[in-house]
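Engineer: Predicted model and sequence below, questions to follow.
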Amino acid sequence: QVHLMESGGGLVQPGGSLRPSCAASGFAVSDVAMGWYRQAPGKERELVATITKGGTTYYVDSVKGRFTISRDNAENTLYLQMNSLEPSDTGVYYCARGERVGCEGYGCLLWGITAWGQGTQVTVSS
């Protein structure tokens, strides 16, 4: 049975760092495309970063240079290293398993999402 569980969120001051993790079971993270999404209060869920089966990464402009998506195949876990956090990064962060990452001129999307985690809260505030 496919299952994703996030952890590692929390409260941090602006400029600080966090590293949410997403533990996977029922499949290997190295065999699929995966992504991180976030949902701020009163807003729609938005894509933050993706990683393909081959390890190619993509980031939305607002987090480029500050966030890094990675995976540990031995631990079967997906990570999102978040540095230089800003209040606008506040939200619930979700990991997702997809079939592939598709990129067009407007950016990239995680297609064929087949599983979501329950989310972990990230709050950036002084």
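Structural biologist: Nice, thanks for sending it over.

Engineer: all contacts plus neighbour counts: C-alpha atoms, from now on.
Structural biologist: OK.

Engineer: Need the nearest residue in space to Trp36, chain neighbours excluded.
Structural biologist: Cys95 (4.5 Å; CA to CA, 6 or more residues apart in numbering).

Engineer: hmm, who's touching the helix or strand containing the one you found?
Structural biologist: Taking DSSP states H and E as the criterion, the element that holds Cys95 is strand 91-98. Under the criterion CA atoms under 8 Å, 6 or more residues apart in numbering, residues 4, 6, 22, 32-41, 110-123 lie in contact with strand 91-98.

Engineer: which of those are buried?
Structural biologist: Buried members of the contacts of strand 91-98, counted by 16 or more other CA atoms under 10 Å: 4, 6, 22, 32-40, 110-111, 116-123.

Engineer: who does the residue most central in space within the chain bridge with?
Structural biologist: With distances taken as CA atoms, centre = their mean, the residue of the chain nearest its centroid is Trp36 (1.9 Å). Under DSSP bridges, the beta-bridge partners of Trp36 are Ala49, Cys95.

Engineer: Which stretches in the protein count as strands?
Structural biologist: Here the chain has its strands, by DSSP state E, at 3-7, 10-12, 21-25, 33-39, 46-51, 57-59, 67-72, 77-82, 91-98, 100-104, 107-111, 115-116, 120-124.

Engineer: So which bits of stretch 39-50 are buried?
Structural biologist: Those would be Gln39, Ala40, Leu47, Val48, Ala49, Thr50, for stretch 39-50 by 16+ other CA under 10 Å.

Engineer: okay, the residues you listed in JSON lines with distance to Leu78 next?
Structural biologist: Listed next are the buried residues of stretch 39-50 as JSON lines, based on distance: CA to CA, whole Å:
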{"residue": "Gln39", "distance to Leu78": "18"}
{"residue": "Ala40", "distance to Leu78": "21"}
{"residue": "Leu47", "distance to Leu78": "15"}
{"residue": "Val48", "distance to Leu78": "14"}
{"residue": "Ala49", "distance to Leu78": "11"}
{"residue": "Thr50", "distance to Leu78": "10"}
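
Engineer: No further questions, thank you.
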